[in-house]
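J.: Here is my input, please return the structure:
(2 chains)
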Amino acid sequence: MLFFQQLRGELRKLFARPRTWMGYGAFILMEAVILFVYKLDRSQAYMHAMLERNGLDFGTYYSSLSITFTIMLLSMFLLGSIYFALVAGDIVAKENEDGNLRMVFARPISRLRLLLVKYAAVSLYTFTFVFFVGVSGYAMAVAAVGWKGGLFVMEPKMKVFAAYSDWWEGAGRLAMSAGGIGVSMITLSSIAFMFSCFKIKPAAATIVTLTILFVDMILQGFPFFKPYESWFITWRMSAWVFIMEPQISWPKIVESYAFLFGLNVTLFTLGWISFQSRDFKT
Amino acid sequence: MLVASELSKKFGGKSALSGVSFHVKRGEIYGLLGHNGAGKSTSLGVILGMVMPDSGDVTIDGISVLRDRSRALRKVGAIFESPAFYDYLSGWDNLKILMSYSGGFDATAARVVVERVGLSRRIHSKVRTFSHGMRQRLALAQALLPEPEVLLLDEPTDGLDPEGIKWFREFILKLRDERGMTVLFNSHLLAEVELMCDRVAILREGKRVFEGSIGSIQDDTRWFEVDFEPWGIACGLVHSAGGEVRAVGRISLPATVDPAGLIETLVRAGVRIRGFSPMRRSLEDLYMEILNGAGSPN
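T.: Modelled structure (predicted):
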């Protein structure tokens, strides 16, 4: 019970910062931009041609669900990675820098417990934020093209191609994949969280996290790393897209999320070890 | 109530604490003095478990901070110089969050404490709008909310106006008198320490160089403020009489030496006496003596 009270306090802090709301605003702006590009004639013509090449009806698949999928994919890749790294990179390091931690350390709470509360808050925040992007993206897409239609998915990197003409099935897959993205993004937050526990500036925690992710992504793209792609963090983080396959390959998904879970536990443990052994001067 | 035993700590090879021990009795206000970097804040950090000592231990009511920090700190409240609150939250929200780390928030108890520290009217305002004095009051409120038996004060009156300092002092003294609270007061405002503390320890370069009661500063030696001319001859006569020259214009005489006899000797030797008045030896005098190397570790 006390844990939830502490968690509520941590979330209260997160949501009281103007930066948090600026983040929401930035995502909505980005969704609007994606939607705007989607509505341009040339974009529609491109979509039309691509769908027809694959034997799919433009009227069915040029839809709010397909647009929402693109919005989630692009906004998470372009903005999500930066935003989550920023929030998680701040959660410990910023409080240390501002001196708030010494007020907390005057309390009978263990460092492990404090980190667990903060990690739970950042994970919950990351996970729910993905749903916010999905719901707001869908609402905007509905306003732009109406609610009807199926879901068209094409993700060349993970070799996933699927089309669901039934709205319910498409919406179900999209909701499940939002859950998958949410869980994947927790790994990104975990990396930033670990660095936040180290004796470094909050901005450094964010930058190092983004560097790791981009290097991981770039190396993964090299042909000679192809046989080892499953060892890359970003490849594992993309496993959510398998939910979109017509025949969901659960073993592949479970394997990737088990990998990410193990990685998250390791990152948390490393952060905790560093945090536990540090001196905090008054 | 609070026992620090043989605390030692080095930061990057530099010794911050070197075998520091002290014992704060229940219901006592104990002052920790020293120049910047003497080890006062490091001592406080060790007591709160924020700094891991290389050796030594701290117990609060018999519970080791190193072995069972959470239990040891259950009845401890602390205030720091320039307390860092979450500025973007209200004072009330800050109390809620900080109390969630101390076993839970009790709104009724919080209202009583907030009233007591005189923050009722502004407690729901954002902390960023608080003055330094209001922040210190909020710090006091958060420290008092867990109903502590031990209060750790790290330079709490720094930056306060004289009125604020007086209010703070009276508040702490009242807490001690009414609740029998044990207080460790870390400061370099010597006059404040003298007015508040029952006993003091002085730290110098990480070592405890003095410990004693405020009363013991007034030892058997009597101190006088004097104005003699010529000063050099007078000094020699003071020494011959068994007294000591402490500084220019300041001498001390043991109880066995009669001041009237000394004055007679000085006059006979042709020394002009422009002033000779008894003075009270202050904590500042003792502090300066010790820091200037006159004091010996005890």
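J.: On the pLDDT front, check residue B:13 for me.
T.: Residue B:13 is assigned 83 on the pLDDT scale.
J.: ok, it - how many residues close by?
T.: 5 (other C-beta atoms under 10 Å in any protein chain shown). In this view, the C-beta of every residue, glycine as well, is placed from N, C-alpha and C.
J.: go on, residue B:274?
T.: Using other C-beta under 10 Å, the number of residues around residue B:274 comes to 8.
J.: pLDDT value on residue A:63, please?
T.: With respect to pLDDT, residue A:63 has a value of 91.
J.: Please apply the same query to the one 10 residues further on.
T.: As predicted, residue A:73 sits at a pLDDT of 90.
J.: Reduced to three states, what does it come out as?
T.: helix (DSSP: H, G, I helix; E, B strand; the rest coil).
J.: Residue A:190 too?
T.: With three-state DSSP as the criterion, residue A:190 reads helix.
J.: Who is the residue in the stretch 151-298 of chain B positioned nearest to chain A paired with across the strands?
T.: Nearest residue of the stretch 151-298 of chain B to chain A, counting by C-beta to the nearest C-beta: residue B:154, 5.7 Å away. For residue B:154, the beta-bridge partners are residue B:186 (DSSP bridges).
J.: Give the full set of residues in contact with it.
T.: Neighbouring residues of residue B:154 by C-beta atoms under 8 Å, 6 or more residues apart in numbering or on different chains: A:282, B:40, B:41, B:44, B:78, B:79, B:80, B:81, B:186.
J.: Give me the subset of those residues that lies in helices.
T.: B:40, B:41, B:44 (DSSP state H).
J.: Model confidence score at residue 248, please.
T.: Since you didn't name a chain, this refers to chain A. Value for residue A:248, per-residue pLDDT: 90.
J.: Chain B is the one I meant
T.: 81.
J.: Tell me, how many residues neighbour it?
T.: 10.
J.: what bridges to the spatially most central residue of chain B?
T.: With distances taken as C-alpha atoms, centre = their mean, residue B:31 lies nearest the centre of chain B, 2.9 Å away. Beta-bridge partners for residue B:31, by DSSP bridges, are residue B:185, residue B:200.
J.: who's in contact with it?
T.: B:185, B:186, B:187, B:193, B:196, B:197, B:199, B:200, B:201.
J.: where does the stretch 51-200 of chain A come near chain B, residue by residue?
T.: A:98-100, A:102-110, A:114 (C-beta under 8 Å from any C-beta of the partner chain).
J.: Nearest to residue A:200 among those residues?
T.: Distance to residue A:200 across these (C-beta to C-beta) is lowest for residue A:98, with 14.7 Å.
J.: and the closest one, what pLDDT?
T.: 90.
J.: Torsion angles phi and psi at the closest residue to chain A within chain B?
T.: Going by C-beta to the nearest C-beta, chain A is nearest to residue B:84 of chain B, at 3.1 Å. With angles defined as degrees, to the nearest 10, residue B:84 sits at phi -100, psi 100.
J.: what's the answer for residue B:234, then?
T.: According to degrees, to the nearest 10, the main-chain angles of residue B:234 amount to phi -60, psi -40.
J.: residues in contact with it?
T.: B:226, B:228, B:266, B:271.
J.: Any stretches of the stretch 101-250 of chain B with poor pLDDT?
T.: Residue ranges of the stretch 101-250 of chain B with pLDDT under 70: B:217-221.
J.: Get me the contact residues on it for chain A.
T.: B:101, B:102, B:103, B:104, B:105, B:142, B:143, B:146, B:152, B:154.
J.: Check those and tell me the two furthest apart.
T.: B:104 and B:154 (25.4 Å).
J.: For the closest residue to residue A:158 other than its chain neighbours, which residues are in contact?
T.: Nearest residue to residue A:158 in three dimensions, chain neighbours excluded: residue A:241, at 4.7 Å (C-beta to C-beta, 6 or more residues apart in numbering or on different chains). Residue A:241 is in contact with A:153, A:155, A:158, A:160, A:177, A:180, counting by C-beta under 8 Å, 6+ apart.
J.: Sort out for me which of these are in helices.
T.: Using DSSP H, the contacts of residue A:241 in helices are A:177, A:180.
J.: Which member of the contacts of residue A:241 is positioned nearest residue B:109?
T.: Distances from residue B:109 to the contacts of residue A:241, taken by C-beta to C-beta, are shortest for residue A:180, at 45.3 Å.
J.: How about stretch A:167-180, which residues are buried there?
T.: A:167, A:170, A:171, A:173, A:174, A:177, A:178, A:180 (16 or more other C-beta atoms under 10 Å in any protein chain shown).
J.: And stretch B:121-129, by the same measure?
T.: Applying 16+ other C-beta under 10 Å to stretch B:121-129 flags B:122, B:123, B:126, B:127 as buried.
J.: hmm, which two among those are most spread apart?
T.: B:123 and B:126 (10.9 Å).
J.: shared neighbours of these two, which are they?
T.: residue B:90.
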